[in-house]
Structure formats: C-alpha cells, structure tokens
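okay, predicted coordinates and the sequence, questions at the end:
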Amino acid sequence: MFGFKYWVISVEVPLILGGKIENQRSREMWYTALNFFMIAVNTFFCVWVSFARYKLSVESAGMAAPRSLVDLVSDLYHVITALLFISAIFLADALRRIKKSLTTNPHLI
C-alpha cells in the first residue's frame with residue numbers, strides 16, 4: 001500500500017500544481033476504490049495462506065503432508081511474492097515520476 005500511495009502522490013501533485021485536474025472527485029473515488037480492492041486482495045491471500053500453512057503444520061505433525069497441500073501453500077507464497085513485486089513496481093514508477101517532476105515542473109524546481 002505504501003508504494004501505491006506514493007504513486008498516487010507522484011501522479012497527482014504535478015497535476016495539481018500545473019492546474020491540469022478537471023474532475024478531482026471522480027479521481028479520488030477511483031483511487032479509493034482501487035485502494036480498497038488492493039487491501040481486500042492482499043488480505044484475502046494472506047489469510048488464505050495462513051490457514052493453509054496452519055493446516056499443513058497440523059497435517060504434517062509426525063508424518064508426511066499431502067502433496068496437494070504443500071503445492072497449495074507454495075502457490076500461495078508465490079502469489080504473495082507477486083503482489084510484493086507489483087508493490088515494488090508502483091514504488092519504482094513513483095520515484096521515477098517524482099524525479100521527472102522535480103527536474104521539469106517549474107512549480108517544483
């Protein structure tokens with residue numbers, strides 16, 4: 001969420017300073033909806049992996065765990081890693097935009 005918030009700031013501040021925003025309310029609603037969607041997706045996968053990991057721990061106590069459960073936990077960890085990668089992309093793009101704005105926008109120089 002940090003990367004996304006940073007990205008929103010990097011997009012909106014140059015537009016506000018340049019006077020280029022026309023429909024601020026709909027933009028805020030879109031960002032808010034996207035924010036809640038991203039929170040829901042991240043929470044869903046984190047809760048799912050925690051339950052699957054708990055089930056894996058219980059079922060593998062003293063014996064081998066079912067392969068399907070091990071695969072599920074592994075796949076969920078890959079999904080969470082992909083979500084972290086998406087967050088890193090948002091942050092990297094935000095930093096790129098901020099650097100560009102600081103060098104080209106006369107209101108920020």
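Cool, got the structure. Numbering: from 1, shown residues only.

where is the longest helix in this protein?
Assignment by DSSP state H gives helix 67-104 as the longest helix of the chain.

before we move on, what's the pLDDT of L102?
pLDDT, L102: 82.

what about it, how many neighbours?
11 (other Cβ atoms under 10 Å). All C-beta spots, glycine's among them, are computed from the backbone N, C-alpha and C.

and it, how close does it get to M1?
24 Å (Cβ to Cβ, to the nearest Å).

in the helix-or-strand element of the chain with minimal mean pLDDT, what's buried?
Least confident element among the helices and strands of the chain, by mean pLDDT, DSSP states H and E: helix 2-17 (a mean of 83). Buried residues in helix 2-17, counted by 16 or more other Cβ atoms under 10 Å: G3, F4, Y6, W7, V8, S10, V11, V13, P14.

determine the set of other helices and strands touching that helix.
helix 24-59, helix 67-104 (3 or more Cβ pairs under 8 Å, 6 or more residues apart in numbering; DSSP states H and E).

tell me which of these lies nearest to G18.
helix 67-104 (9.5 Å; Cβ to Cβ).

so for the closest one, what gets flagged as buried?
Here helix 67-104 shows L72, V73, L76, S87, F90, L91, A94, R97, I98, S101 as buried, counting by 16+ other Cβ under 10 Å.

redo those as a markdown table? Include distance to E28.
Output for those, formatted as a markdown table (distance: Cβ to Cβ, whole Å):
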| residue | distance to E28 |
| --- | --- |
| L72 | 38 |
| V73 | 38 |
| L76 | 33 |
| S87 | 21 |
| F90 | 18 |
| L91 | 21 |
| A94 | 18 |
| R97 | 19 |
| I98 | 20 |
| S101 | 20 |
